[in-house]
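# One predicted model, sequence on top.
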Amino acid sequence: MSAVSRAKRSILAAVVIIVVIVAGLGIYFATQTKPSVSLSSTSTAGLPNTLVVDDNAPPDTLDPGVTLTIAGVEITDNVLLPLNACATTACTSLVPVLATSWTASSDGLTYTYLLRNGVYYNNGDPFNAYVVWWNVYRDMIMNQPIDFLFYSYFNTTGVTAADINSLNNPQNTPEASLLQVMENPHNSVTVLNSSAIQFHLTNRFVAFMVTVATGTPWAFNDPYVVEQHGGVVANQPNSWMATNGTNVGNGPYITQLYVYDEYAKLVANPNYWAQNLTSSETNIFLQPAKIPEVIVNYKTDELTRSLDVESSTAQAVAITFDDIKKVLADCANCYVANLGPTATVEWVAIDSLKPPLDNALLRRAIISAINVTQIQQIAYNGYVVPVVGPEPTTWPYYDRSISAPVYNVTLAKQLLAEAGYPNGAGLRPIDYYYGTSTVQTVAGEIMKADLAEIGITVNLHEINMDTVLSMADTPGQNATAPDMWQMTWSWYSDFSAYEYPVDSAFGSFANMHNATIVNLILESDAEMNPTVRAQEISQITQDVQQSASIIWLGQDIDTFGTGVNVFNKCVAGVYYSADFPTSSIAFNSVYYTCAP
């Protein structure tokens, strides 16, 4: 990795982690005790034409080159399609979407994608290789937090904002001078022809094809629409796109109406190019919408969302872990999709750079004293499984031979004494911070009680999550850095997504710094031999555990702490994409089997 790209990644990755808690996982359908139904032949006669969804927070923006939140990506990914998509739980294979095929060079530095012909936006403007080129450089020129992904393996050499803005016609076709820039083989992105695009990486990044399959920011706006509404300005987002970025799309839905902080109305794309594809040409990502209209309400109050699904006012809602069982008990017509382990990992960071937690024996005592199993069963309601991070159990490099630390109060007291604090004598109170959440409050209370058993006093601080993350990004040795803090993290289907939480060198969560771990992470990102990479990631996992800087609380199953997870039993085909956003809904997969 070049010094420039590494620095850019370090600066921006921390910002991304603040709000991106979306991730890659496999292709899953809700399982119910009802006969299977062919998605392509499902009858909708006499069934509702509208699906009502209650989300727990509004989008940050509807611009796919800027959005970081689950709510934002839920809209953008239903409107704008990726080049390809993950076809398996661990994204070990890909299926075509806007691209028909792709190849990688033997050195892992050049990737070529052939694009579908006949793809167009709902306004009639065509999608082509020029559109892909424009979007990648647009995002790099805007330089927003999510765009650090591009800077991990690209640079903007040879391309300016003026070049980007010169593509400004409804044909999405460049004039001769811009075409020369697009076809430059020395740039990071090269147009080979209108249906072929090539990417030249500045450094080997074995997860490249997986990141391309993840949607945002690998989503492609219609350049002409953006240029007609402010164009591209260096280092700035487009304010018009923030609220109108999904009005025009090439996916199964488009946004007909968006009222910030209240609701979004999506309607089936009336000019959807993929609706006439044959069964052999299509897949779940390309299928036309089965429900013509989707209303997504943004309701921050948990009780309101619970009552909505119980009364069938909404057919899909976001419910937190601690309320799910109660909602299911009160709602005979509700269910949670049987997803199995998802990509989301729940964890607590310990600041190993700040006294007295810079004492490894003290950190080990804390970890040994906490009953993680009790937290999993009580705080998370059983919707997590044990995990030894940073990689989820479902990913191909997860090493099941590495065991989690055992809950052992006797050992914890022994370690505490060896650390110089027998029965906690002489140890100041430990401050634990977590975002506003009843789930995390319960988890915090359990940890506080557990640590009190060995003589450690814990002060609990329930505050705004943005504040928690801002504090967590403070250099670990600073007095203002939190002692311990709660975090949820998930992303696309590769270990490279999970490296950010484990070391401050990546600009994220300054709880530790270990040169050995950093070097192994950088090597694993570039290692093309799967066997060697597996060994490197296993060693990273062991080294992270040895650092005693993170308490792995569990890996979510069947649901997420955020995102829609409780459904009316008349709603079938619920599908969680292998790409962004796994905690939201691919609306084109959903259909009604009865009237709620």
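Arrived safely, thanks for sending. Bear in mind the structure is a predicted one, so any value in this text is a computation, not a measurement.

# those strands in the stretch 101-250 of the chain, which residues are they?
Counting by DSSP state E, counting those that start in this stretch, one finds strands in the stretch 101-250 of the chain at the ranges 110-115, 189-193, 196-200.

# CSV for the ones you listed, including mean pLDDT and mean neighbour count?
(Each C-beta comes from the backbone N, C-alpha and C, glycine too.) Shown next, in CSV, are these (pLDDT from 0 to 100; neighbours: other Cβ atoms under 10 Å):
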stretch, mean pLDDT, mean neighbour count
strand 110-115, 98, 19
strand 189-193, 98, 19
strand 196-200, 98, 21
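
# and the ones you listed as CSV, adding distance to residue 450?
Output for the strands of the stretch 101-250 of the chain, formatted as CSV (distance: least, Cβ to Cβ, whole Å):
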stretch, distance to residue 450
strand 110-115, 49
strand 189-193, 52
strand 196-200, 49
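
# Residue 246 is nearest to which of those?
Of all the strands of the stretch 101-250 of the chain, it is strand 110-115 that lies closest to residue 246, at 21.2 Å by Cβ to Cβ.

# Specify the angle between the closest one and strand 196-200 in degrees.
Put simply, strand 110-115 runs at 160 degrees to strand 196-200, going by axes from the mean of the first three to the mean of the last three Cα atoms, to 10 degrees.

# neighbouring strands for the longest strand seen in the chain, and are they parallel or not?
Counting by DSSP state E, the longest strand found in the chain is strand 341-350. Applying DSSP bridges to the sheet, strand 341-350 is found paired with strand 484-489 (antiparallel), strand 550-557 (antiparallel).

# Okay, residue 316 and residue 339: tell me how far apart.
The gap separating residue 316 from residue 339 is 14 Å, by Cβ to Cβ, to the nearest Å.

# what's the offset of stretch 185-194 from the middle of its chain?
Distance of stretch 185-194 from its chain centroid, counting by Cα atoms, centre = their mean, to the nearest Å, is 29 Å.

# Which positions within stretch 445-464 qualify as buried?
446, 447, 448, 450, 451, 454, 455, 456, 458, 461, 462 (16 or more other Cβ atoms under 10 Å).

# Could you pull up phi and psi at the last one?
The phi and psi values for residue 462, taken as degrees, to the nearest 10, are phi -90, psi 110.

# Please report how far it lies from residue 442.
From residue 462 to residue 442 the distance is 11 Å (Cβ to Cβ).

# before we move on, back to that, make CSV out of the buried residues of stretch 445-464 and add distance to residue 321.
Listed next are these as CSV, based on distance: Cβ to Cβ, whole Å:
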residue, distance to residue 321
446, 14
447, 16
448, 19
450, 19
451, 22
454, 27
455, 30
456, 26
458, 21
461, 20
462, 16
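
# closest to residue 410 among the residues you listed?
Taking Cβ to Cβ as the measure, residue 410 lies nearest residue 454 of those, at 9.5 Å.

# The closest one against residue 409, yeah?
Yes - under the criterion of Cβ atoms under 8 Å, residue 454 makes contact with residue 409 at 6.5 Å.

# Need the residues touching each of these two.
Counting by Cβ atoms under 8 Å, 6 or more residues apart in numbering, the contacts common to residue 454 and residue 409 are residue 369.

# related to what we said a few turns ago, in the longest strand of the chain, what counts as buried?
Buried-residue list, strand 341-350, by 16+ other Cβ under 10 Å: 341, 342, 343, 344, 345, 346, 347, 348, 349, 350.

# Kindly check the end-to-end length of stretch 229-243 for me.
12 Å (Cα to Cα, to the nearest Å).

# again, but for stretch 428-437
End-to-end distance for stretch 428-437: 26 Å, by Cα to Cα.

# so how far is it from its chain's centroid?
Offset of stretch 428-437 from its chain centre (Cα atoms, centre = their mean): 25 Å.

# let's number from 32 now, not from 1
Happy to do that; since the first residue is 32 now, the last one works out to stretch 459-468.

# in that stretch, what's buried?
461, 462, 463, 464, 465, 466, 468.

# Mind pulling up the pLDDT for the last one?
Spelled out, that is residue 468. Note for residue 468: predicted pLDDT of 84.

# and what of the second one?
We have a pLDDT of 97 for residue 462.

# contacting residues around it?
With contact set as Cβ under 8 Å, 6+ apart, residue 462 has these partners: 489, 490, 492, 513, 514, 515.

# Am I right that it falls within a strand?
Yes - membership of residue 462 in a strand is supported by DSSP: H, G, I helix; E, B strand; the rest coil.

# Can you name the element that comes right after the helix-or-strand element of the chain with minimal mean pLDDT?
When each helix and strand of the chain is scored by mean pLDDT, DSSP states H and E, strand 59-60 comes last, with a mean of 30. Next in sequence after strand 59-60, counting helices and strands by DSSP states H and E, comes strand 81-86.

# Okay, helices next: where are they in the stretch 32-181 of the chain?
Ranges of helices within the stretch 32-181 of the chain are 34-50, 101-110, 160-173, 179-182, based on DSSP state H, counting those that start in this stretch.

# again with the stretch 382-531 of the chain
Using DSSP H, counting those that start in this stretch, the helices of the stretch 382-531 of the chain run over residues 391-400, 403-409, 440-449, 469-483, 496-503.

# With distance to residue 144 as added columns, please give these in a markdown table.
A markdown table is the format used below for those (distance: least, Cβ to Cβ, whole Å):
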| stretch | distance to residue 144 |
| --- | --- |
| helix 391-400 | 45 |
| helix 403-409 | 42 |
| helix 440-449 | 53 |
| helix 469-483 | 41 |
| helix 496-503 | 35 |
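
# Compare those and give me the one nearest residue 584.
Proximity to residue 584, assessed across those by Cβ to Cβ, is greatest for helix 403-409 (5.8 Å).

# for the closest one, packing partners?
Under the contact criterion of 3 or more Cβ pairs under 8 Å, 6 or more residues apart in numbering; DSSP states H and E, helix 403-409 touches helix 469-483, strand 581-588.

# Same list (these) but as CSV, adding distance to residue 292.
CSV is the format used below for those (distance: least, Cβ to Cβ, whole Å):
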stretch, distance to residue 292
helix 469-483, 23
strand 581-588, 27
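
# how near is the closest residue to residue 525 other than its chain neighbours to residue 427?
For residue 525, ignoring the flanking residues on the chain, the nearest one in space by Cβ to Cβ, 6 or more residues apart in numbering is residue 238 at 3.9 Å. Distance of residue 238 to residue 427, given as Cβ to Cβ: 12 Å.

# what's the span of stretch 207-225, first residue to last?
14 Å.

# Repeat that for stretch 110-118.
20 Å.

# Just the buried residues of it, please?
Using 16+ other Cβ under 10 Å as the test for burial, stretch 110-118 gives 110, 111, 112, 113, 114, 115, 116, 117, 118.

# Next: stretch 249-261.
Buried-residue list, stretch 249-261, by 16+ other Cβ under 10 Å: 249, 250, 251, 252, 253, 254, 255, 256, 257, 258.

# Noted, bye for now.
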